[in-house]
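Chemist: sequence unknown, structure follows:
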């Protein structure tokens, strides 16, 4: 009889949350969100198009950049539909299975982006410390193997999360803190023992994100040591300039991610609005800014974009339209 009552009390849906206290202006708030979403999709797709169509960009750094663009596209496509659904249609309900699937892809793509940032740091390290051996160290087979290992290393940690959540019993509390499902947010709603989920989530954060941050810092310490040993001031600046883009996207990704993780796990009295804003910054800003940063700071991509723009201007000019064959 008690089992039957527990089944009846199990909520069939989770309820997602928009921006608390701002429900009356959700439609207006959706305008910048929609603009960011559109620019993120367009910018990352454009980066992929440029790298694919220009043979001179088929180098390890740009291969990693293309994987980063795919990851950013995945994060935008995974998080924004439910967010815009709330802003436009007040569509807050999400089934358990859909929620668990969404949180799997969000965390998997987040760990994937962390892995790609680590590989890009290693790429810069090899390029600056051993420029003559760059092509022999970062060969296509090694890149493919490294990508496969780093992309799959998070699966054994992330894949059990939705499975474990599915075993939990959820009481009447079924309102999530965000417009999308996060593991640390969903597990708080369970009225059963969640110690395994807490341990696995913390272990994943420390073993993947924590290790990646440590190795990235180590890579840049070695890069800085190498750069300072260069006699020419101009050469030092040139070497450091090749790292600026990567440093920017590392900061854009890790600072909001660590802030969101700390707020969920360790700051019990933090404002829900702060958590929501931090979550939006984490999932909206990197996909938006990464293509912009590389378009502005990377000479090869900037040159390719300028060339494409000139070709488009010439082909669309009245003179070319009136030209007879």
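Modeler: Yep, that arrived. Bear in mind the structure is a predicted one, so any value in this text is a computation, not a measurement.
Chemist: residue ranges of the helices in the stretch 51-200 of the chain, please?
Modeler: 60-89, 96-129, 134-137, 140-152, 155-158, 160-167, 183-186, 195-204 (DSSP state H, counting those that start in this stretch).
Chemist: which stretch among the ones you listed comes nearest residue 303?
Modeler: Proximity to residue 303 (C-beta to C-beta) singles out helix 60-89 among the helices of the stretch 51-200 of the chain, at 13.1 Å. (Each C-beta comes from the backbone N, C-alpha and C, glycine too.)
Chemist: Dump the helices of the stretch 51-200 of the chain to a markdown table, plus distance to residue 227, mean pLDDT and mean neighbour count.
Modeler: Compiled in a markdown table, those are given as follows (distance: least, C-beta to C-beta, whole Å; pLDDT from 0 to 100; neighbours: other C-beta atoms under 10 Å):
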| stretch | distance to residue 227 | mean pLDDT | mean neighbour count |
| --- | --- | --- | --- |
| helix 60-89 | 17 | 92 | 21 |
| helix 96-129 | 7 | 92 | 21 |
| helix 134-137 | 16 | 88 | 13 |
| helix 140-152 | 24 | 88 | 13 |
| helix 155-158 | 35 | 88 | 16 |
| helix 160-167 | 41 | 90 | 16 |
| helix 183-186 | 39 | 87 | 22 |
| helix 195-204 | 34 | 87 | 15 |
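Chemist: so can I have TSV of the ones you listed showing distance to residue 237?
Modeler: Below are the helices of the stretch 51-200 of the chain laid out as TSV (distance: least, C-beta to C-beta, whole Å):
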stretch	distance to residue 237
helix 60-89	19
helix 96-129	13
helix 134-137	20
helix 140-152	28
helix 155-158	40
helix 160-167	45
helix 183-186	42
helix 195-204	39
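Chemist: Which one of those helices lies nearest to residue 296?
Modeler: Of the helices of the stretch 51-200 of the chain, the one closest to residue 296 (C-beta to C-beta) turns out to be helix 60-89, at 13.8 Å.
Chemist: now for that closest one, which elements pack on it?
Modeler: Contacts defined by 3 or more C-beta pairs under 8 Å, 6 or more residues apart in numbering; DSSP states H and E place helix 60-89 against helix 26-53, helix 96-129, helix 140-152, helix 272-297.
Chemist: residues in contact with the third one?
Modeler: Looking back up the chat, that one is helix 140-152. When contacts are taken as C-beta atoms under 8 Å, 6 or more residues apart in numbering, the neighbours of helix 140-152 outside the stretch itself are 60, 63, 67, 112, 115-116, 118-119.
Chemist: Now do it: distance to the chain's middle.
Modeler: Its chain's C-alpha centre lies 19 Å from the corresponding centre of helix 140-152 when counted by C-alpha atoms, centre = their mean, to the nearest Å.
Chemist: begin at 19 from here
Modeler: Renumbered: residue one is now 19, and that last one reads helix 158-170.
Chemist: got the angle for it vs helix 78-107?
Modeler: Interaxial angle, helix 158-170 versus helix 78-107 (axes from the mean of the first three to the mean of the last three C-alpha atoms, to 10 degrees): 30 degrees.
Chemist: ok, now the longest one?
Modeler: Computed by the same axes, to 10 degrees, the angle separating helix 114-147 from helix 78-107 equals 150 degrees.
Chemist: mind checking the SS state of residue 38?
Modeler: For residue 38, the reduced secondary structure class is coil; criterion used: DSSP: H, G, I helix; E, B strand; the rest coil.
Chemist: hang on, the earlier thing: let me have the helices and strands packed on helix 78-107 in JSON lines, adding distance to residue 244 as columns.
Modeler: As requested, these are exported to JSON lines (distance: least, C-beta to C-beta, whole Å):
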{"stretch": "helix 44-71", "distance to residue 244": "27"}
{"stretch": "helix 114-147", "distance to residue 244": "5"}
{"stretch": "helix 158-170", "distance to residue 244": "21"}
{"stretch": "helix 290-315", "distance to residue 244": "20"}
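Chemist: What is the most widely separated pair among the contacts of helix 158-170?
Modeler: Distances among these were taken as C-beta to C-beta; the most separated pair is 78 and 130, at 17.2 Å.
Chemist: okay, and for the stretch 169-318 of the chain, where does confidence drop off?
Modeler: Counting by pLDDT under 70, the stretch 169-318 of the chain has low-confidence residues at 190, 249, 282-289.
Chemist: run the last query once more with 80
Modeler: By pLDDT under 80, the low-scoring segments of the stretch 169-318 of the chain are 169, 189-191, 249-251, 260, 276-293, 313-318.
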